[in-house]
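Student: No letters, just coordinates:
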């Protein structure tokens, strides 16, 4: 991917990210797990991998981790990519909102905006867009 999130996740965030996230019901869309320094994001219903994200230490930021590289499923039959900007946003949103349980309000707003732009419409209900792409997160 040519675009990657700029965010640096703290060491505490990375500890939590390494524990991953497993969907518990049909309204949850993502299963996330880590092997080494690589985070895998799979759709929960199909089990298909969508994102593979490599993390690296961020000493220039005083610690923590940042995304060093990422790949997205390119087979249109398996996953529908909407471009690097959308995929960059979705990677950060899944990590922030689903794995870490953060409100991620700015990212959620941007998701609604990008989806509306792609459709050429401004009347998409943001909740429907968000649920379709992101799903819910069970409180645990």
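Tutor: Ah, there it is. All values derive from a computational prediction rather than experimental measurement.

Student: hey, let's count contacts and neighbours off CA atoms from now on
Tutor: Noted.

Student: ranges for the helices of this protein?
Tutor: 11-19, 84-93, 105-119, 126-133 (DSSP state H).

Student: Of these, which is nearest residue 57?
Tutor: Nearest of those to residue 57, taken as C-alpha to C-alpha: helix 11-19 at 9.3 Å.

Student: chain center to the closest one: distance?
Tutor: Computed by C-alpha atoms, centre = their mean, to the nearest Å, the chain-centroid distance of helix 11-19 equals 15 Å.

Student: re the thing from before, weakest of the helices of the chain in terms of mean pLDDT?
Tutor: Per-stretch mean pLDDT for those is lowest at helix 126-133 (a mean of 57).

Student: Dump the helices of the chain to a markdown table, plus mean neighbour count.
Tutor: Shown next, in a markdown table, are the helices of the chain (neighbours: other C-alpha atoms under 10 Å):
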| stretch | mean neighbour count |
| --- | --- |
| helix 11-19 | 14 |
| helix 84-93 | 19 |
| helix 105-119 | 15 |
| helix 126-133 | 15 |
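
Student: Just send those back as JSON lines, with distance to residue 65 too.
Tutor: Shown next, in JSON lines, are the helices of the chain (distance: least, C-alpha to C-alpha, whole Å):
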{"stretch": "helix 11-19", "distance to residue 65": "7"}
{"stretch": "helix 84-93", "distance to residue 65": "13"}
{"stretch": "helix 105-119", "distance to residue 65": "19"}
{"stretch": "helix 126-133", "distance to residue 65": "25"}
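
Student: For residue 51, find the nearest of those.
Tutor: Among those, helix 84-93 sits nearest to residue 51 (C-alpha to C-alpha), with 7.2 Å.

Student: helices and strands around that closest one, which ones?
Tutor: For helix 84-93, the contact count by 3 or more C-alpha pairs under 8 Å, 6 or more residues apart in numbering; DSSP states H and E identifies helix 105-119 as packing neighbours.

Student: and the angle for the helix it packs on with helix 84-93?
Tutor: Angle, helix 105-119 to helix 84-93, by axes from the mean of the first three to the mean of the last three C-alpha atoms, to 10 degrees: 150 degrees.

Student: I'd like to know which elements helix 105-119 is packed against.
Tutor: By 3+ C-alpha pairs under 8 Å, 6+ apart, helix 105-119 packs against helix 84-93, helix 126-133.
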